[in-house]
Structures are given as C-alpha cells and as structure tokens.
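J.: show me how the following folds:
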Amino acid sequence: MKTGDELEIFLYGDTNKGTDKYLYFSNTPDSVESGKEFSVTLMTAGYTGSDAAKDCTVVLKNTETGETVEGITDENGIVTFKADKGGKHQIYVSKTPYAYAVLPIAELEVKAAQKPVEPEPTRKPEQAVTPQPTETPQPTVTPTPAAAKTAPVLMLTANGKKTSVSLSWNKVKGATEYRIYGAKCGDSYKLLKKVPGNYKSWTKKKLSKNTAYKYFIVAYDKDGRIAKSANIHVTTAGGKYAAVSAITVNKKAVTVKKGKTNKVNASITTTGKNYLKHTRNVRYISSNQKVATVDKNGKIKGIKKGKCYIYCYAQNGMYKKVKVTVK
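T.: Residues are numbered from 1 along each chain as shown. This is a model prediction of the structure:
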C-alpha cells in the first residue's frame, strides 16, 4: 500500500458458529493487455484461518459497455479471464458456497494491445509484370453469431430419514459429472461426493437424527460447470421437527402476453406444526428467462413468444412445474 491509496475496512460478526468468511483477491493486477489471459486468486479469511476460495463465481465487467464474463475458481481459488476490449473493468464475486460471506470488488485497466512494428522489407529490382485479367471481387460473408445458451435447470430434492438423507435430481443434458456439497445448517459447505453423469441420486449416511442439513449440487461437462441447483434444507427424522410432505399449485399451465404478467400461487403441506424454516415456504425459478421471468412471489412476466416452465419448490427441493406459454 502506498501513500494516497484508499483503504476499505469491513467489519463482520460471527452470525453462526464462526462460519463467516471474508473473501479477498490476493493478486489482482492494476492493468492488463486486451486479448491476453490473466489470472486472479480468490482467498478466504475467517475465524478458522485463510484458504483458497474454490467453486466461487467471479465476474469480469466492462464498466463502460456493461459486458460481463464469468468464471469459476478452481481448487486453488484461481480463475482466468481474457478481456477483448480496452477500458475500465471491475472484478467481483457473484456466487459462493458459503452461508455468510463479505464479497470483494477490484478494479483494473485493460489497455489496447500494442501492434508489433514490422521492419520494412528489402526492396528488390523491379521486374516487368504481365497484366492479369481483373477478377470480380467476391462479397464478404459475415457469419451469424451463435445464440447464447440458456443454463439448464438443475432441481435437487432431499428426503430425510432417521440417520440419512436421500438426494435426487433431474438429469442435465451433457453432464459428465455431478458434485454434491453439503453440511449441517450453520456450518460451511464441503464437497461430499463426485458421481458420474449417469447418476440421478445419492444417499448421505451416518447422520445425526433430528438435525437440520443443507445441500446443493453442481453439474459439469468436459468444459466446466454447466448448472447448479438451489441450496436446499432438510431435517432428519427421529425427533420433534416436521418435514415438507407435499407442494400444491393453483395452476398447471399459464398463458401470458409479451410484456404482461400473470401469477401462480403455491403452498406446502408439512407433517406437523413444528416446521424448522430456513427459506421462504415456496421459491420459484424459470427454465428460460428469455421467454418468461418469475419473482419471489410467483408473478410471471412474459418476455418473448415461446414456452417454458416455472418450477415452484419447497425448502427441501420438492417441486411442481407450471407450463408457461408467452404469446
């Protein structure tokens, strides 16, 4: 740090058994050259010490154009970017596997690539040239850019038994591996298991009865991460806590015009009154936000003509689908 540098101080409290994490970039460059790759390292500092922050989503944003690029940190907390345009950029963290975290923001300047100066060729004596017939110039064909892919929806459902939790999920097209993360509620997530892409279920055994646990799952193909489920919560049996037994929706299908809205109402049924609540009773997600979006209250907005699904799911991942048609 030099005289005149600005310093930001973050104060964070132990909200849940010392699991707070302060994330920071350890080697962010002040400037880079456009078109060249560069790496940054994301680290954590908490009550348990410092470590690499893996499986975090880091975003590189051009603050002048608004364009963004995402990357996922590896097991060493490293993520690599390449900025194609010059200008001022921000690097920030948008997603983490931690329950509570303070997220960093860094700034850097991307400079235009310097073109190498080529030496002038040695002149040769001019020779007589026989004129060639003039060719008709061919029109330049500009390739049509490929449409951006919509991330597939990965739904994870948990069923708590007395000393185990059974996890199941929908198959994601192209997935070659699934990575399952979990922990007791209040503790930091840990990688529990890697399973092949043909798996659609797995059971975590040797758990404590009447205890709350949390899980999420990430799908990978040969090129990297392609989908992540929501964080879900489940309580093992054998005690006083109730579980979600059913979820109901008031509509199986919805039609909405582009730019207009409609609403779906969903509710849950539990096995008893002593229901340990970690999230909203029902959460919502759209299978294609380019067609329709949905807010936390189930209000659907038509974006463009097409069809998609709205998933209405409880905190244990149990869900119902609502078909949406946008006209």
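J.: so what's A151 up against?
T.: Contact partners of A151, counting by CB atoms under 8 Å, 6 or more residues apart in numbering, are I226, A227. The way it works is simple: take the backbone N, C-alpha and C, and place the C-beta from them, glycine included.
J.: and it, how far from S229?
T.: In this view, A151 and S229 are 11 Å apart by CB to CB, to the nearest Å.
J.: repeat for T150
T.: Remark: distance between T150 and S229 (CB to CB) = 16 Å.
J.: more crowded one of the two?
T.: It is S229, of T150 and S229, that has more neighbours when counted by other CB atoms under 10 Å, with 25 against 13.
J.: mind listing what the nearest residue to the more buried one once chain neighbours are set aside touches?
T.: Once flanking residues are discounted, S229 sits nearest to L156: 3.9 Å by CB to CB, 6 or more residues apart in numbering. Counting by CB under 8 Å, 6+ apart, L156 touches L167, S168, W169, Y215, F216, I217, S229, A230, I232, G317.
J.: same question for Q90.
T.: V59, L60, K61, T63, I105, A106, E107 are the contacts of Q90 under CB under 8 Å, 6+ apart.
J.: so what's the last one bridging to?
T.: Beta-bridge pairing of E107 under DSSP bridges involves Q90.
J.: roughly how far does it sit from K54?
T.: 24 Å.
J.: neighbour-wise, which of those two wins?
T.: K54 (18 against 12).
J.: can you tell me the element the more buried one falls in?
T.: Following DSSP states H and E, there is no helix or strand that holds K54.
J.: ok, it to V218 distance?
T.: 11 Å.
J.: and what of G66?
T.: From G66 to V218 the distance is 27 Å (CB to CB).
J.: quick one, what contacts the closest residue in space to Y24 that isn't next to it in sequence?
T.: Leaving out its chain neighbours, the residue that sits closest to Y24 by CB to CB, 6+ apart is P104, at 5.0 Å. Listed by CB under 8 Å, 6+ apart, the contact set of P104 reads L23, Y24, F25, L42, Y92, V93.
J.: look up how far S94 lies from P104.
T.: Distance, P104 to S94, using CB to CB: 12 Å.
J.: quick one on the thing from earlier: quick check: of the contacts of P104, which lies closest to S245?
T.: Distances from S245 to those, taken as CB to CB, are shortest for V93 (36.8 Å).
J.: isn't K171 up against K200?
T.: Yes. Using CB atoms under 8 Å, K171 is in contact with K200, at 5.7 Å.
J.: using TSV, lay out the contacts of L156 together with distance to Y98 and pLDDT.
T.: Shown next, in TSV, are the contacts of L156 (distance: CB to CB, whole Å; pLDDT from 0 to 100):
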residue	distance to Y98	pLDDT
L167	20	97
S168	25	97
W169	22	97
Y215	14	97
F216	12	96
I217	17	96
S229	16	94
A230	15	94
I232	16	94
G317	20	96
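J.: just the ones in strands from those residues, please.
T.: Of these, the ones assigned to strands by DSSP state E are L167, S168, W169, Y215, F216, I217, I232.
J.: surely K190 touches Y181?
T.: Yes. Using CB under 8 Å, K190 is in contact with Y181, at 6.6 Å.
J.: quick one, which of those two is more surrounded?
T.: For K190 versus Y181, the count of surrounding residues by other CB under 10 Å is larger for Y181: 20 against 10.
J.: how about that one: what's its closest non-neighbour residue?
T.: In space, and not counting its chain neighbours, Y181 is closest to Y189: 4.6 Å by CB to CB, 6+ apart.
J.: identify the residues contacting the one you found.
T.: Residues near Y189 by CB under 8 Å, 6+ apart: P97, Y98, A99, Y181, G182, A183, K214, F216.
J.: would you turn those into CSV with distance to N262 and secondary structure?
T.: Formatted as CSV, those follow (distance: CB to CB, whole Å; DSSP: H, G, I helix; E, B strand; the rest coil):
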residue, distance to N262, secondary structure
P97, 34, coil
Y98, 36, coil
A99, 34, coil
Y181, 35, strand
G182, 36, strand
A183, 38, strand
K214, 32, strand
F216, 29, strand
